[in-house]
Structure formats: C-alpha cells, structure tokens
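Chemist: Following is a predicted model, sequence given first.
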Amino acid sequence: MARRPLPRILSSGSASITRSREIARTAADSATDVLHPLITILRGLRLLAAAGRRKWAATPKDRRGPTLFLAAACVLVVALIPYGPLLAVITVMSAAAWKGRDRTPVRTGPDETEAGRLQALYEALVPYFSTADDPSPLFSHGGDWEKGFDGHTFDADGRLTSLQVNYPAYFTDSEPASRSRIEQLLQAKSGRGREYHFTWDEESNHLVMTVLDALPVSIAAQRFVTAPGETVLGFTDADSVQRTVPVLDGDTTRDAPPVVWRTGARSTEPHLLVVGQPGSGTTTLMRSIALQALQNGDIIVVEGSGTGEYGFLTGRTGVLAVECGLAGALATLEWAAHETERRLIAANRARQAGHPVPEDTKRPLWILLDRPSVLGHLAAADGRPDPQELLQVPLRHGRAAGVTVVMADQFDSAESLTETVRTHTRARAVLGPASREQIEAVLGVEPHTTPTPDVPPGRGYARLGTGPVLRLQVPATPDPYDDATSEAHRQAVLDLLPERPPAAGEAPVTAPVPVAVEAPVVEPVSRDPLVGAPAIAER
Ligand SMILES: Nc1ncnc2c1ncn2[C@@H]1O[C@H](COP(=O)(O)OP(=O)(O)OP(=O)(O)O)[C@@H](O)[C@H]1O
C-alpha cells in the first residue's frame with residue numbers, strides 16, 4: 001500500500017511555530033522597552049498613593065480637618081497661578097518617576113565566586129561523566145558548567161544549597177558504587193559537615209542534590225499521641241512520613257513527623273535492633289521505648305553493660321525485672337521464653353476449644369536487652385548459655401504471643417549477634433556517627449543522605465522492614481538519676497514513670513513477678529513451642 005504523505009501542518013508546522021514564537025518574543029521585548037518609562041511612572045504613582053494613604057491613616061483624627069483644608073488651599077493656589085496645573089503635573093510625574101525607578105537590580109545568575117565554585121565542581125565531575133569517544137560531551141575539561149548544571153542555589157554564605165546535574169546516559173547510575181563516588185565528590189566539594197540528600201532520576205539522567213536542615217534536637221520524652229501497638233522511635237523529615245503528632249517542643253506545641261514502629265500480632269517488623277557507637281544514644285532510645293511500652297504493657301530490662309542506667313525503672317508497676325548480672329539475666333530471659341510458650345499454648349487451646357483468647361495472654365510483654373554481647377562474653381567465660389540463645393522463642397514466636405524484643409548493641413560487637421537475632425529483628429536503627437558501609441550493614445541499604453561525622457546524640461537512621469531509610473532523632477530521655485540530667489528532662493522522664501505498686505497487704509498485686517524464677521532449664525535451641533506444646537503443657 002502506498003504511503004500517504006503527512007499533512008503539511010505536521011511536516012512544516014514545527015518550523016513555523018518556532019518562527020511565530022520568535023516574533024512574539026521580539027514584539028514583547030520591544031513593547032517592554034517602549035513602555036518602560038510609563039511603567040516606571042505608574043509604579044511611582046502607586047507608591048506615592050500608598051505613602052499618602054499611610055500618612056493619612058497615621059494622622060490623628062482631630063488634625064485631619066485642618067490638613068484637608070491646607071491641601072485644598074494649596075490646590076486652589078496652584079490652580080489660580082499661571083501655568084500652575086501644568087507645573088503641578090510635571091512635578092508629580094517627576095516625583096513618581098523618581099520613586100518608581102528600579103533601584104534593586106535583579107540578580108540573574110551566580111556572582112563571580114559562585115560561578116567559580118560551580119566551574120570547579122563541573123571540572124571535578126569531568127572524569128566521571130565523560131568518555132574519550134563521546135562526540136558532544138556534557139562534561140569536558142574547560143567546558144561550560146551551564147551545560148552540566150540545570151539549576152543551583154546558594155545560601156547567604158555563598159555555599160551551595162541545591163544543585164541539579166544533567167549527566168550523560170552512559171553513566172552507570174544503577175550501580176551503587178558509581179553513585180556513591182559522585183555523591184561523595186559532590187559532598188566534599190560543596191562543604192563537609194552538612195547533610196546532603198541525593199535524588200537520582202535514572203529515566204531522565206538527572207541528579208538533584210539538596211542540603212538537609214539538621215533535625216531538631218529539642219523534643220524530649222513525653223506522652224506521644226499514638227494508637228495502641230505504636231511506638232515513636234523518634235522524629236524525622238516532614239516529607240519522609242505521612243503523619244505528624246503534636247509534641248511539646250520547649251514551651252510550644254507543634255506538629256512533628258514521627259517514625260512510628262508498629263508491634264503486635266499484625267506487625268511485619270515485630271522486633272527491633274539498635275546499633276550505635278558508644279555514647280550515641282542507644283540506651284536513651286531503649287529508655288524512651290520502655291516508657292512508652294509501660295503505658296499498656298509489662299517490661300523486662302536486661303542490661304549487659306551493668307552501669308545501672310535503667311535503675312529508675314526498678315519497682316515501678318509493669319516493670320517485671322531490671323537485671324544487670326549474668327545469673328539474673330539468664331533466669332529472667334528463661335522466664336520470658338517460658339512465658340512466650342505459655343501464652344502461645346493458652347491461646348492455642350482457647351482457639352481449639354472455640355473460646356476467646358485468655359486475657360492473661362493479651363497484655364504486651366517487652367524484653368529490652370541492652371548490650372547482649374557483654375553478657376554473651378561473660379556467659380562463655382562461665383560456661384553458661386549465651387542469653388541470645390534464650391531469646392530464640394520470643395524472637396521467633398513473640399509476635400503471636402504479644403512479646404516484643406528490643407536489642408541494642410555497639411558496632412564493634414555486632415558480629416556476635418546470632419543468626420536468629422539478625423533474622424527476626426526486622427526493624428532497625430543506627431545511631432551516632434557511622435560510615436555508609438556500617439549503616440548499610442545494619443539497615444540493608446545505604447541511606448540516601450551523606451552521613452556527617454559530627455552528629456548530636458540520638459541522631460541516626462531507622463528502617464522498618466523493607467521500607468525507606470529515614471533520618472531519626474530520638475527524643476531526649478536521660479536517666480533521671482544521673483546528676484548531669486537537667487531538671488526539665490528529669491521531670492519529663494519522672495512524669496512518665498508509672499507509680500510503684502502498693503506494698504503487700506495494701507492491695508492485690510496484679511502484675512506477675514517473674515524474678516523468683518524456678519522454671520526448669522529447657523534446651524533453648526531445639527525448643528519450639530508449636531511442636532512441643534503437649535510436653536510444656538504438662539509442666
Ligand atoms: N536524643 C538525645 N537527646 C539529647 N541527649 C541525648 C540523646 N541521646 C543521648 N543523649 C545523651 O548522650 C549521652 C549518651 O547517651 P546514651 O547513654 O543513651 O548513649 P549509649 O549509646 O547508650 O552510650 P553508652 O553505651 O556508652 O552508655 C547521655 O549523656 C545522654 O543524655
């Protein structure tokens with residue numbers, strides 16, 4: 001079949017459209033030139049009128065009459081003298097022209113220093129964004145930076161705050177190593193010490209670098225507005241999460257974007273692992289979680305470092321145990337494993353009998369284990385089981401039994417975490433200064449921002465399951481018994497602490513007290529409550 005020719009408008013249309021656009025642009029430019037004096041005078045008249053209105057508004061009411069009379073007399077005099085009206089018009093127009101002149105020249109591009117910076121950045125990118133056989137390279141030595149950069153902004157100090165880079169299609173932007181090299185270079189050339197966010201648009205070969213503001217550190221421990229089963233790990237960037245919660249920040253209440261971790265039977269990340277450098281705030285995060293968990297649950301705290309930073313929790317309602325020593329820790333964790341099994345079996349039986357799940361299996365139980373590696377070391381030296389082994393049952397089956405495990409350790413001990421811990425702690429947080437590799441090792445992916453060497457305590461990243469990596473600032477939750485704690489923070493933490501349960505004889509104690517553990521030692525590795533239910537039920 002013969003090909004039909006394209007209609008003329010389609011074949012020659014684009015040329016004529018371009019020509020029309022050029023004509024229109026030239027006409028607009030000429031009109032602006034011709035009308036410029038008129039525009040200036042009109043702007044001046046508007047400013048004069050506004051000034052007159054302001055003056056009139058500022059004149060006290062009792063002086064308005066005489067002022068009006070004086071103005072009317074002046075107008076009359078001007079009208080009566082020869083050439084008066086003409087002179088008056090010329091004077092007003094001159095004043096308007098003077099007032100309306102454009103005194104602030106519009107900045108149309110970067111100044112000399114900024115252009116120098118952009119050129120240096122461009123040159124630095126040449127080896128990464130060019131090849132010898134590219135006939136028209138976007139990046140070439142001595143080339144024009146405007147070819148490579150689409151947009152840029154500088155702050156008042158002349159430092160880059162955003163940059164849009166066009167890169168050639170052959171750049172291997174899908175390889176993390178290639179991206180990482182560019183990100184590190186841009187960060188180094190744009191000024192270290194700030195946090196940068198990189199957005200790679202692989203479809204259009206476009207990279208946007210933006211400088212992120214530091215996350216506020218002024219939010220302290222308080223009752224957060226959350227649903228049951230939700231725990232606020234900290235606060236993040238407003239555009240990273242879809243919700244905000246009202247928080248007291250200093251003396252004012254504002255909405256802040258929280259990193260909310262959901263636990264319980266429907267959670268896909270029922271257990272949390274926090275890793276950080278010493279002094280990075282991991283204990284603070286554990287304390288913050290403990291105080292939130294105590295709202296409607298029971299907690300067990302096992303502290304490997306033995307520094308007594310959870311002592312303030314001892315004896316409070318819902319705090320079943322706070323253990324520092326190895327023997328106590330092992331006994332408590334063993335009780336927790338039995339309790340997980342008991343709950344599972346009870347719930348299972350109830351379901352099989354067609355009854356609702358018993359009430360005593362519903363109250364959330366939290367196991368908070370700080371520095372398990374230290375306890376593991378002590379246990380190995382003493383020939384006793386590693387506490388992490390005792391966590392197998394809560395980690396594997398805790399979700400169905402309402403048992404949540406939170407563990408915190410330091411980077412240098414992270415390799416001592418067992419496979420079960422690594423597999424079942426799908427909610428992760430990294431706190432303190434950390435390299436990209438360290439962050440990736442914990443979170444599974446690199447963050448989209450460049451970590452800075454200096455971060456305040458409690459600053460880091462969080463990732464829930466396979467979700468995005470979020471910047472995180474943990475609310476300040478210091479040890480209220482620490483002398484260095486400020487009075488405001490001490491009070492904030494004490495306000496969140498539950499009361500002590502009434503002493504024996506005053507009223508019945510409802511919470512179970514597990515510390516006097518006499519549970520038989522079970523084989524932790526082979527223990528599986530779903531398989532061994534009848535045997536355990538007989539105990
Ligand atoms: N979010 C925060 N806001 C303010 N100060 C914090 C925050 N997190 C931690 N800090 C302060 O930093 C210091 C170290 O915190 P923390 O004890 O929680 O760190 P850590 O990681 O447990 O360190 P270590 O294991 O060495 O005790 C404490 O003085 C604490 O008050």
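Modeler: In hand now; what should we look at? Numbering: from 1, shown residues only.
Chemist: Just the element for the residue lying closest to residue 401 once chain neighbours are set aside, please.
Modeler: The shortest distance from residue 401 to any non-neighbouring residue, by C-beta to C-beta, 6 or more residues apart in numbering, is to residue 343 (3.9 Å). Bear in mind the C-beta positions are built from the backbone N, C-alpha and C, glycine included. Using DSSP states H and E, residue 343 maps to helix 326-352.
Chemist: what's the next secondary structure element after that helix?
Modeler: Per DSSP H and E, the helix or strand that comes after helix 326-352 is strand 365-370.
Chemist: is it true that residue 189 lies in a helix?
Modeler: Yes: counting by DSSP: H, G, I helix; E, B strand; the rest coil, residue 189 is found in a helix.
Chemist: Next one: it, what pLDDT does it get?
Modeler: In this model, residue 189 is scored at 88, pLDDT.
Chemist: OK, contacts around the residue nearest to residue 401?
Modeler: By C-beta atoms under 8 Å, 6 or more residues apart in numbering, the contact set of residue 343 is 361, 365, 401-403.
Chemist: ok, of these, which come out buried?
Modeler: 361, 365, 401-403 (16 or more other C-beta atoms under 10 Å).
Chemist: what's the helix or strand for the residue nearest to residue 59 when sequence neighbours are not counted?
Modeler: What sits nearest to residue 59 in space, not counting adjacent residues and going by C-beta to C-beta, 6+ apart, is residue 67, at 5.9 Å. Using DSSP H and E, residue 67 maps to helix 61-80.
Chemist: Summarise which helices and strands that helix is packed against.
Modeler: helix 84-100 (3 or more C-beta pairs under 8 Å, 6 or more residues apart in numbering; DSSP states H and E).
Chemist: Check which element follows the helix it packs on along the chain.
Modeler: Using DSSP H and E, the next helix or strand after helix 84-100 towards the C-terminus is helix 112-125.
Chemist: what is the rounded mean pLDDT of that next one?
Modeler: 91.
Chemist: any idea how far residue 371 is from the residue in the chain positioned nearest to the ligand?
Modeler: Proximity of the chain to the ligand (C-beta to the nearest ligand atom) peaks at residue 458, 2.3 Å away. Residue 458 is 17 Å from residue 371, where distance means C-beta to C-beta, to the nearest Å.
Chemist: Look at these two and report which has more neighbours.
Modeler: Neighbours were counted for residue 458 and for residue 371 using other C-beta atoms under 10 Å; residue 458 has more, 25 against 21.
Chemist: Verify the stated contact: that one with residue 218.
Modeler: No: using C-beta atoms under 8 Å, residue 458 is not in contact with residue 218; the gap is 11.4 Å.
Chemist: could you check the angle helix 84-100 makes with the helix holding residue 67?
Modeler: Helix 61-80 and helix 84-100 are oriented at 120 degrees to each other (axes from the mean of the first three to the mean of the last three C-alpha atoms, to 10 degrees).
Chemist: Give me the contacts around helix 61-80.
Modeler: 56, 59, 84-85, 87-88.
Chemist: how does it look with 10 Å?
Modeler: 55-56, 59-60, 84-88, 91 (C-beta atoms under 10 Å, 6 or more residues apart in numbering).
Chemist: what helix or strand is residue 434 on?
Modeler: Using DSSP H and E, no helix or strand contains residue 434.
Chemist: backbone phi and psi for it, please?
Modeler: phi -160, psi 150 (degrees, to the nearest 10).
Chemist: Just give the number of residues close to it.
Modeler: 24.
Chemist: can you map out the helices along the stretch 101-250 of the chain?
Modeler: Secondary structure of the stretch 101-250 of the chain, counting by DSSP state H, counting those that start in this stretch: helices at 112-125, 145-148, 176-190.
Chemist: got those as CSV, with distance to the ligand columns?
Modeler: Below are these laid out as CSV (distance: least, C-beta to the nearest ligand atom, whole Å):
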stretch, distance to the ligand
helix 112-125, 35
helix 145-148, 40
helix 176-190, 25
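Chemist: quick one, the host helix or strand of residue 407 and strand 365-370 angle?
Modeler: Using DSSP H and E, residue 407 sits in strand 403-410. Relative orientation of strand 403-410 versus strand 365-370 (the same axes, to 10 degrees): 10 degrees.
Chemist: Give the pairing partners of strand 403-410; include direction for each.
Modeler: Here strand 403-410 is paired, per DSSP bridges, with strand 272-276 (parallel), strand 365-370 (parallel).
Chemist: CSV for the ones you listed, including mean pLDDT and distance to the ligand?
Modeler: CSV is the format used below for the strands paired with strand 403-410 (pLDDT from 0 to 100; distance: least, C-beta to the nearest ligand atom, whole Å):
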stretch, mean pLDDT, distance to the ligand
strand 272-276, 97, 5
strand 365-370, 97, 7
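Chemist: want to try CSV for these, with distance to residue 130 as columns?
Modeler: Below are the strands paired with strand 403-410 laid out as CSV (distance: least, C-beta to C-beta, whole Å):
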stretch, distance to residue 130
strand 272-276, 40
strand 365-370, 51
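Chemist: Name all residues that make contact with residue 319.
Modeler: 290, 293-294, 298-301, 310, 312-313, 497-498, 500-501, 511.
Chemist: about what we covered before: helix or strand right after the strand holding residue 407?
Modeler: Per DSSP H and E, the first helix or strand lying C-terminal to strand 403-410 is helix 419-424.
Chemist: buried set for that following helix?
Modeler: 420-421, 424.
Chemist: overlap in contacts of residue 458 and residue 218?
Modeler: Common contacts of residue 458 and residue 218 (C-beta under 10 Å, 6+ apart): 473, 475-476.
Chemist: Out of those, who's the most crowded?
Modeler: residue 475 (27 neighbours).
Chemist: residue contacts, residue 415?
Modeler: By C-beta under 10 Å, 6+ apart, the contact set of residue 415 is 373, 441.
Chemist: can you tell me how far residue 255 sits from residue 493?
Modeler: From residue 255 to residue 493 the distance is 23 Å (C-beta to C-beta).
Chemist: most distant residue from the middle of the chain?
Modeler: The C-alpha centroid of the chain is most remote from residue 82, which lies 74.2 Å away (C-alpha atoms, centre = their mean).
Chemist: Can you classify that one by secondary structure?
Modeler: Per three-state DSSP, residue 82 ends up coil.
Chemist: pLDDT score assigned to it?
Modeler: Reported pLDDT for residue 82: 84.
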